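In: any chance you can model this:
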Amino acid sequence: MIAATQIAPIQSVLIVGAGPAGLLLALLLAQKGIETHVVESAKTLDNQPRATHYGTPAVHELARAGVLDDIQNEGLICRKFCWRKLDGEVIAGLDSTMLDGTMDQVTCLPLNHVSRILLKHLTTKTTAEISWNHKVVDIGQSEEKAWVDVETLEGPQRLSADYIVGCDGARSIIRRKLFGDGDFPGHTLEEQIVATNTYYDFDKFGYQDSNFIIHPEHWHMAARISNDGLWRVSYGEVAGLSHEEILARQPEKFKHILPGKPGPGDYRLVNISPYRVHQRLARKMRVGRFLLAADAAHLCNPFGGLGLTGGIVDVGGLFDCLAAMYDGKADATILEDYSRIRREKYLNMVDPMSLENIRRLHSQDPETALEKDGFLQLCKKAEKDPELAKVMLRSANDLRYDFTKLYKENLDSK
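Out: The predicted structure is shown next:
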């Protein structure tokens with residue numbers, strides 16, 4: 001084990017995983033001039049749309065990486081959010097149009113498009129390299145270096161760097177090698193989620209950019225994810241159903257949950273993906289010269305977008321720490337701070353807030369939700385109180401942490 005107090009100049013970083021977190025970290029590091037190598041087991045970018053919404057803390061990180069304009073030009077800004085009954089009646093909502101012109105607005109673009117934009121920017125950097133078809137099978141470290149053993153089309157290789165970051169998702173090989181295959185503390189939710197991308201005319205029913213429907217059986221979310229009429233519809237299903245059973249039930253489910261009670265000929269289902277959701281956090285996000293970020297470090301349910309947003313904020317914080325080490329403004333102890341602070345943000349914000357978000361939809365009576373739900377009451381009040389609305393809309397920025405406060409120059413001045 002490497003001592004946390006070790007002074008560790010940094011010249012090179014190897015990142016495992018070419019998802020949005022890995023590519024964003026690589027881009028930030030490469031812009032700083034740090035030699036960065038991304039390795040990915042697949043032969044190309046993952047083309048699945050997956051997550052779509054980037055909360056305001058993530059928007060700040062995308063902006064400083066220089067990719068926000070490209071993302072917003074291709075995607076959209078989500079300005080209006082509401083919670084509804086199944087019949088479409090609005091219970092309460094938030095409107096962020098008052099923040100137009102700022103970075104404090106949720107941005108939407110499917111994940112595969114964001115990864116493509118990040119890769120385009122990354123390939124212009126001379127200090128960055130990306131290797132496809134590189135599957136990590138083992139890891140190791142010494143006082144001087146960390147390394148990964150990889151399988152490639154040309155045979156096995158060992159790649160080393162000053163630090164290695166696991167951005168390789170929920171099944172992270174880096175996390176599993178550090179802690180063991182079954183060691184990812186937390187739990188799996190009973191609720192089964194089905195995510196779809198669907199073309200349907202929600203606008204004619206007065207739907208806003210993001211709509212959360214409260215109902216004990218037919219709870220769901222419908223959110224605009226493109227400018228051409230494509231919507232993400234994610235809904236809860238009965239636990240224990242097979243993939244085939246979920247697909248067979250989808251037309252009847254849509255008839256219950258979509259406004260207008262459409263049949264299959266009234267919408268176009270682009271894709272459908274059932275999955276289980278987890279609330280989990282790695283024991284540490286730093287072990288010697290190995291670091292974890294995003295889904296490799298923590299998972300949560302998708303309602304509220306806190307998993308994707310939290311992962312991007314991890315990346316911004318980790319970059320600040322590694323950049324400080326590169327500039328001689330911090331030693332390796334700042335990486336212990338990274339692990340501690342990002343874990344605290346998950347435990348104190350991401351986990352409880354994301355659980356509250358999903359439970360709000362299925363664990364209360366929609367007829368009495370406004371009377372009993374303090375958050376919905378605040379939303380209702382904010383509809384007539386712009387200053388309260390601004391506070392609520394910007395509250396997610398608390399997920400960030402200013403690691404520059406821990407730079408030696410700032411600590412010495414206290």
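In: can we go C-alpha only for contacts and neighbour counts from here?
Out: Will do.
In: would N410 count as being in a helix?
Out: Yes: N410 sits within a helix when classified using DSSP: H, G, I helix; E, B strand; the rest coil.
In: all strands for the stretch 251-400 of the chain, in order.
Out: For the stretch 251-400 of the chain, applying DSSP state E, counting those that start in this stretch gives strands covering 268-281, 286-287, 290-292, 298-299.
In: to clarify, my last question referred to the stretch 51-200 of the chain.
Out: 53-54, 76-78, 80-84, 90-95, 106-108, 128-131, 135-141, 146-152, 155-161, 163-166, 186-199.
In: out of those strands, deepest packed?
Out: Stretch with highest mean neighbour count among the strands of the stretch 51-200 of the chain: strand 53-54 (a mean of 27; mean count of other C-alpha atoms under 10 Å).
In: counting by contacts, list what it packs against.
Out: strand 106-108, helix 306-326 (3 or more C-alpha pairs under 8 Å, 6 or more residues apart in numbering; DSSP states H and E).
In: what residues does the shortest one touch?
Out: What that stands for is strand 106-108. 52-56, 59, 72, 75-79, 225-226 (C-alpha atoms under 8 Å, 6 or more residues apart in numbering).
In: show me the contacts for L76.
Out: T107, C108, L109, I225, S226, N227.
In: quick check: bridge partners of the second one?
Out: Counting by DSSP bridges, C108 forms beta bridges with H53, L76.
In: quick check, central residue of the chain?
Out: The centroid of the chain falls nearest to L308 when counting by C-alpha atoms, centre = their mean (0.6 Å).
In: isn't that one up against A297?
Out: No: L308 lies out of contact with A297 (C-alpha atoms under 8 Å); the separation is 11.9 Å.
In: K405: neighbour count?
Out: K405: 10 surrounding residues under other C-alpha atoms under 10 Å.
In: check it and give its pLDDT.
Out: On pLDDT, K405 comes in at 96.
In: is it true that it touches S413?
Out: No: using C-alpha under 8 Å, K405 is not in contact with S413, being 10.4 Å away.
In: so which of the helices and strands packed on strand 53-54 comes closest to E143?
Out: For these, proximity to E143 was assessed by C-alpha to C-alpha; helix 306-326 is nearest, at 16.2 Å.
In: now do the closest one against strand 268-281, angle only.
Out: 60 degrees (axes from the mean of the first three to the mean of the last three C-alpha atoms, to 10 degrees).
In: what number of residues lie near the closest residue to A297 other than its chain neighbours?
Out: Nearest residue to A297 in three dimensions, chain neighbours excluded: A282, at 5.2 Å (C-alpha to C-alpha, 6 or more residues apart in numbering). For A282, the count of nearby residues is 22 (other C-alpha under 10 Å).
In: ok, A282 touching D181?
Out: No: between A282 and D181 there is no contact under C-alpha under 8 Å: 11.7 Å.
In: follow-up on the earlier one: in a markdown table, list the strands of the stretch 251-400 of the chain along with mean pLDDT, distance to K255 and mean neighbour count.
Out: As requested, the strands of the stretch 251-400 of the chain are exported to a markdown table (pLDDT from 0 to 100; distance: least, C-alpha to C-alpha, whole Å; neighbours: other C-alpha atoms under 10 Å):
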| stretch | mean pLDDT | distance to K255 | mean neighbour count |
| --- | --- | --- | --- |
| strand 268-281 | 95 | 13 | 16 |
| strand 286-287 | 98 | 48 | 20 |
| strand 290-292 | 98 | 42 | 26 |
| strand 298-299 | 98 | 31 | 28 |
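In: now distance to E383 too, for those strands, in TSV please.
Out: TSV is the format used below for these (distance: least, C-alpha to C-alpha, whole Å):
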stretch	distance to E383
strand 268-281	32
strand 286-287	43
strand 290-292	40
strand 298-299	32
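In: so which of those gets nearest S96?
Out: strand 298-299 (27.1 Å).
In: distance between that closest one and the chain's centre?
Out: 9 Å (C-alpha atoms, centre = their mean, to the nearest Å).
In: any weak-confidence spans in this structure?
Out: 1-8, 414 (pLDDT under 70).
In: how much space between L318 and E129?
Out: Separation of L318 from E129 (C-alpha to C-alpha, to the nearest Å): 19 Å.
In: what does R50 give?
Out: To E129, R50 is 25 Å away according to C-alpha to C-alpha.
In: also H362?
Out: Counting by C-alpha to C-alpha - H362 and E129 are separated by 46 Å.
In: what about stretch 386-404, how long is it end to end?
Out: 32 Å.
In: in stretch 337-351, what's buried?
Out: Neighbour counts over stretch 337-351 (16 or more other C-alpha atoms under 10 Å) mark D337, Y338, S339, I341, R342, R343, K345, Y346, M349, V350, D351 as buried.
In: turn the residues you listed into a markdown table, columns for distance to I312.
Out: Converted to a markdown table, the buried residues of stretch 337-351 look like this (distance: C-alpha to C-alpha, whole Å):
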| residue | distance to I312 |
| --- | --- |
| D337 | 17 |
| Y338 | 14 |
| S339 | 15 |
| I341 | 15 |
| R342 | 11 |
| R343 | 14 |
| K345 | 13 |
| Y346 | 13 |
| M349 | 15 |
| V350 | 13 |
| D351 | 16 |
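In: same list, the helices and strands packed on strand 53-54, but as a markdown table with distance to H243 please.
Out: Shown next, in a markdown table, are those (distance: least, C-alpha to C-alpha, whole Å):
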| stretch | distance to H243 |
| --- | --- |
| strand 106-108 | 28 |
| helix 306-326 | 24 |
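In: pick the most buried one from these.
Out: Taking mean count of other C-alpha under 10 Å, helix 306-326 is the most buried of the helices and strands packed on strand 53-54, at a mean of 25.
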